[in-house]
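Colleague: let's see this in three dimensions:
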Amino acid sequence: MQYISTYHSPIGKILLAADETGLTGLWFDGQKYYANHLDAEHKEADMPIFETVQKWLDIYFSGQEPDFMPPVHLLGSPFQICVWKLLQQIPYGQTVTYGELAQKIAEERGLAHMSAQAVGGAIGHNAVSIIVPCHRVVGSDGSLTGYAGGLEKKKYLLTLEGIL
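Modeller: Coordinates of the predicted model:
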């Protein structure tokens, strides 16, 4: 069973979803793939995980780097989960390119090449935005591209982290 809660951020309302294992979703209202992987049957509930996530988000939106990580339960294909785990390794206040992530996956899998577009597709379906920091991925020229929550939100998050 999944449970939901709402968080009001400086850049809009956020839907949180979790199961007994951890956070399964964090979506801005109206974002692409909104509530993807949310069970049809779910209920609103006060759960300790939501208190932890809300505390993390409060610290983050105050312009500081949280010093803890809420438990996350990634739901997706093996390839998507591989990409999302790499996203979790991007340090606060830093960016990487889609190509750099693709190269890292290729190396880990012993492949000569990995498509940056395939990596971008997996990143676009990240259901736990901000905490799994897909906003820290930029184009090869440093341009802000592809954020399911919208480029204005991506710009806000990168500015908050001191990147822009």
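Colleague: roughly how far does Lys85 sit from His135?
Modeller: 16 Å (Cβ to Cβ, to the nearest Å). (C-beta placed from N, C-alpha, C; glycine too.)
Colleague: among these two, which residue is more densely surrounded?
Modeller: His135 (27 against 12; other Cβ atoms under 10 Å).
Colleague: what sits against the residue most central in space within the chain?
Modeller: Central residue of the chain (Cα atoms, centre = their mean): Ser129, 2.4 Å from the mean position. With contact set as Cβ atoms under 8 Å, 6 or more residues apart in numbering, Ser129 has these partners: 26-28, 31, 135, 148-149.
Colleague: now, these that are in helices?
Modeller: Per DSSP state H, helices hold no members of these.
Colleague: from those residues, which ones fall inside strands?
Modeller: The strands, defined by DSSP state E, take in 26-28 from the contacts of Ser129.
Colleague: tell me if Ala102 really is in a helix.
Modeller: Yes - Ala102: assigned to a helix according to DSSP: H, G, I helix; E, B strand; the rest coil.
Colleague: re earlier: rebuild the ones in strands among the contacts of Ser129 as CSV, extending it with pLDDT and distance to Asp46.
Modeller: As requested, those are arranged in CSV below (pLDDT from 0 to 100; distance: Cβ to Cβ, whole Å):
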residue, pLDDT, distance to Asp46
Leu26, 97, 17
Trp27, 96, 19
Phe28, 95, 22
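Colleague: show me the domain layout of the chain.
Modeller: Domain ranges of the chain: 2-61, 78-160, per automatic domain parsing.
Colleague: got a pLDDT number for the residue nearest to the centre of the chain?
Modeller: Ser129 is assigned a predicted lDDT (pLDDT) of 95.
Colleague: buried residues, the longest helix seen in the chain. List them.
Modeller: Determined from DSSP H, the single longest helix within the chain is helix 48-61. Neighbour counts over helix 48-61 (16 or more other Cβ atoms under 10 Å) mark 49-50, 52-54, 56-57, 60-61 as buried.
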